[in-house]
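Visitor: Below are the sequence and a predicted model; questions follow.
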Amino acid sequence: MTRTTNRRLLRPSLALAMASALFVSAPAHADRHVAADMDAISGDMSEAWRDSVGAGHGGMFLRPENVEHLELVQREIGFRNIRFHAIFLHDTAPYREVDGRPYYNFDRVSQVYANLLQAGIKPFVEIGFMPADLASESQTIFHWKGNGSPPKDWQKWSDFITAFIRHLEAEFGQEEVRSWRFEVWNEPNLDGFWTDADQASYFKLYDTTVQAIKNVDPELKVGGPATAGAAWVPEFLAHAKQVGSPVDFVTTHSYGVAGGFLDEQGKGDNRLVLDRRAVIEDIEKVRGEIDASEFPGLPLYITEWNSSYNPRDPIHDTYLNAAFILNKLKGTERSAQAMSYWVYSDLFEEAGPPPTPFHGGFGLLTREGIRKPSYFAYRYLAQLGKSELRNADEESWLTRDGDNFVGLIWNFTIPDQKLSNRPFYTRIHSARKLEPVRLAVNAAKPGTYRLRVFRTGYKANDAYTTYMEWGRPDQLTDQQLAQLQAQTRDTPEIDRKVKVGADGKFDMKIKIRANDLLLVKLDRM
C-alpha cells in the first residue's frame, strides 16, 4: 500500500500556521446548467471505478469482521476484483523449509480466496511478499512484517509459484482462475518493498514468476511492475520485449499528496497537491508510455490510488475526499481500465491496528463499519444507469436506465490550504454555498415519476464532522455509534412524485455547496 502521485522528494511537514478554513478556489459555476437528453446516448457507462478495490493483507480475510465489511461493500457497491498484499505471509503460511527441503501448505490461502468468492468478488492476486524461509534477507516492513527481499534460491521460488498456481486451479477450477489477474510484487521501486529498489533484480523476479505461471497455464493473465508514483513503465515494457517475457497488463500507483511515496507507520504529514489534474496527469502519462511502447493498447490497471499514501492522514475521513474521488475518476475514465481505490475498510494494519474510530485510515468504512463520505461516492456510482448520456458538464455523469434517469452531479473545490493535512483536516470546515444547479431532462417518456435527490457533503452523510464536534473521542459509546450510523443512512432530502408532460421535459434547480455530491433519480412509475 502507501505511495504517491508525484515524484518530488520527501520534505519536512509544513509549518502549522493558522489558515483560513474556507474552500475558496472553486471553479466558476454561476448559472451552472446540466442538460440530459434521454435520446442522446453516448455509449455504455464507464465502470473502471468498479473493476477493483484494495484491502490490507490476505490473512485479514480469515477474520469475520473483515469479511462482514466486505459483504456490506459488495451488497451496496459491488466491486469486481480485490487486491491486497502478502498472500504468502506467516498468517497464511504456505511455505516452510525443514533441513532445506520445501513444504507447501495452501489451506489458509485457499480459505482467504474462498471467503472472497463467497462475498461475490474475485482475487486480483498480488504475488508477494517473500516467505520467510525462502527470503535472502531478514529485513521486513509494516506491523505484519512483510519480507521484500529476493529469494535465496530462484529455482525454489519458481517451483513454489508453480505449486501455487497448480493448487489454485485444482481448488477453484481452471475456468475460475483464468478470470483472475496476477500482479508480480508491490512497489519494487521502493527499498522498503524490494531490496535496494533494484530494477534489474525485480525484472528477474518478474521473468521467473511469469514463466512459472504461464508454464502451468498460458491463459492466465500476468502483469506489473506495480510501482509507486507511476514509475518504471517504459523500462519494464522494453525489458519484457527484449527478453520475450509475456505482459498482459500494466499496473502502477498514484496518490494526491506532495512529497515521498511511503510512510510505513503513518507518522509523517503530507499536503494535498492543490491541482485539479493531480493523479490524472500520472495516469495519462503512463497511458501514453504504454501506447508508445511495443505493447500499445495493453490494459492499464491502477492498483492503488487515493488522496494520500499516509495511513494516518485525516483527509481520508473528510467530505472533501468524496469529491476528490469523483474528480479523479472522471478525469481518468478514458486512460485507465481500472482505478482500484486503496482501501475498502479501516480494518487494516500496516501501521498497526486502527487506534481510534476516525484516524485517517484509507478505508471507505471505519473500523466500526461507519460509512465515510468517500463510501457514498462509490455508492452513488453504483446506482447510475448502464447507458451514459452525452454531457457537456465536466462534474457530472448523466445516465439512462430503461425509462429512468439517474444523474450524479458534484462540485470539487480545491481548498485554500496553507497548512499540511494533519492540522488542516482535523479542523471543521463548513462548505460555501454555490449557485444552484439547473437540471434539465429532455425526451423523457410522459408520465408520473418518483423524484429523489440524495446528498453527501458537509454534515450530509458526514460522520467525521460530527466526530470532530464531539472532540475526537478514542472510543464511541453505543449511543454515539448508533447516532453516526443513523446520520449515514443516506435518506433522500427530496422524495416526491413529479409529472413529465407530453413535451418530455423535466426541469428543476438543486442547491449545491462546495464539495457536495448529488445523486438525482427519476424513476417512472
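Guide: Right, received. Where do you want to start?

Visitor: Where does the prediction get shaky in the stretch 201-350 of the chain?
Guide: For the stretch 201-350 of the chain, the stretches with pLDDT under 70 are 260-264, 266.

Visitor: Please, where are all the helices along it?
Guide: For the stretch 201-350 of the chain, the helices defined by DSSP state H, counting those that start in this stretch occupy 233-243, 280-291, 319-332.

Visitor: and the last one, how far out from the chain's middle?
Guide: Helix 319-332 sits 11 Å away from the centroid of its parent chain (CA atoms, centre = their mean, to the nearest Å).

Visitor: Ends of stretch 230-250, what's the gap?
Guide: End-to-end distance of stretch 230-250: 10 Å, with CA to CA, to the nearest Å as the criterion.

Visitor: Stretch 377-386 now?
Guide: Using CA to CA, one end of stretch 377-386 lies 17 Å from the other.

Visitor: buried sites along that stretch?
Guide: Buried residues in stretch 377-386, counted by 16 or more other CB atoms under 10 Å: 377-381, 384-385. Where you see a C-beta, it was placed from the backbone N, CA and C, and this is true even at glycine.

Visitor: Among those residues, which lie within helices?
Guide: Judged by DSSP state H, the subset of these located in helices is 377-381.

Visitor: my read: Ile41 touches Lys386, true?
Guide: No. Under the criterion of CB atoms under 8 Å, Ile41 is not in contact with Lys386, lying 9.9 Å apart.

Visitor: on that earlier part again, between the helices of the stretch 201-350 of the chain, which one is closest to Thr466.
Guide: helix 319-332 (11.5 Å; CB to CB).

Visitor: now the angle between helix 280-291 and the closest one, please.
Guide: Angle of helix 319-332 versus helix 280-291, following axes from the mean of the first three to the mean of the last three CA atoms, to 10 degrees, is 30 degrees.

Visitor: Restrict helix 319-332 to CA atoms and write it as PDB.
Guide: The C-alpha coordinates for helix 319-332 follow below in PDB (Å, rounded to 0.1, in the frame of the first residue of the first chain):
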ATOM      1  CA  TYR A 319     -16.300  15.100   2.800                       C
ATOM      2  CA  LEU A 320     -13.700  16.700   0.500                       C
ATOM      3  CA  ASN A 321     -12.300  13.200  -0.200                       C
ATOM      4  CA  ALA A 322     -15.600  12.100  -1.800                       C
ATOM      5  CA  ALA A 323     -15.500  15.000  -4.300                       C
ATOM      6  CA  PHE A 324     -11.800  14.300  -4.900                       C
ATOM      7  CA  ILE A 325     -12.600  10.700  -5.800                       C
ATOM      8  CA  LEU A 326     -15.200  11.700  -8.400                       C
ATOM      9  CA  ASN A 327     -12.800  14.300  -9.900                       C
ATOM     10  CA  LYS A 328     -10.100  11.700 -10.400                       C
ATOM     11  CA  LEU A 329     -12.400   9.000 -11.700                       C
ATOM     12  CA  LYS A 330     -14.000  11.400 -14.300                       C
ATOM     13  CA  GLY A 331     -10.600  12.500 -15.400                       C
ATOM     14  CA  THR A 332      -9.100   9.000 -15.900                       C
END
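
Visitor: re the thing from before, tabulate the buried residues of stretch 377-386 (JSON lines), appending distance to Lys509 and pLDDT.
Guide: Formatted as JSON lines, the buried residues of stretch 377-386 follow (distance: CB to CB, whole Å; pLDDT from 0 to 100):
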{"residue": "Ala377", "distance to Lys509": "23", "pLDDT": "98"}
{"residue": "Tyr378", "distance to Lys509": "27", "pLDDT": "98"}
{"residue": "Arg379", "distance to Lys509": "24", "pLDDT": "98"}
{"residue": "Tyr380", "distance to Lys509": "20", "pLDDT": "98"}
{"residue": "Leu381", "distance to Lys509": "24", "pLDDT": "98"}
{"residue": "Leu384", "distance to Lys509": "22", "pLDDT": "98"}
{"residue": "Gly385", "distance to Lys509": "23", "pLDDT": "97"}
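
Visitor: of those, closest to Ser138?
Guide: The closest of these, once distances to Ser138 are taken by CB to CB, is Tyr378, at 39.4 Å.

Visitor: Same list (the helices of the stretch 201-350 of the chain) but as CSV, adding mean neighbour count and distance to Ala163.
Guide: CSV is the format used below for the helices of the stretch 201-350 of the chain (neighbours: other CB atoms under 10 Å; distance: least, CB to CB, whole Å):
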stretch, mean neighbour count, distance to Ala163
helix 233-243, 18, 24
helix 280-291, 19, 32
helix 319-332, 25, 37
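
Visitor: I'd like these written out as CSV, with distance to Asn411 added.
Guide: CSV is the format used below for these (distance: least, CB to CB, whole Å):
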stretch, distance to Asn411
helix 233-243, 33
helix 280-291, 17
helix 319-332, 7
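
Visitor: What are the neighbouring residues in contact with Arg32?
Guide: Contacts for Arg32 were tallied using CB atoms under 8 Å, 6 or more residues apart in numbering; they are 393, 434-438, 512.

Visitor: wait, Leu329
Guide: Under the criterion of CB under 8 Å, 6+ apart, the contact list for Leu329 reads 48-49, 339, 381.

Visitor: Apply 7 Å and report the result again.
Guide: Applying CB atoms under 7 Å, 6 or more residues apart in numbering, we find Leu329 in contact with 49, 339.

Visitor: and what of the one 4 residues further on?
Guide: Residues in contact with Glu333, defined by CB under 7 Å, 6+ apart, are 46, 48.

Visitor: got it, and Tyr103?
Guide: Under the criterion of CB under 7 Å, 6+ apart, the contact list for Tyr103 reads Arg96.

Visitor: what about it, which SS state?
Guide: When classified by DSSP: H, G, I helix; E, B strand; the rest coil, Tyr103 comes out as strand.

Visitor: Thanks again, I'm all set now.
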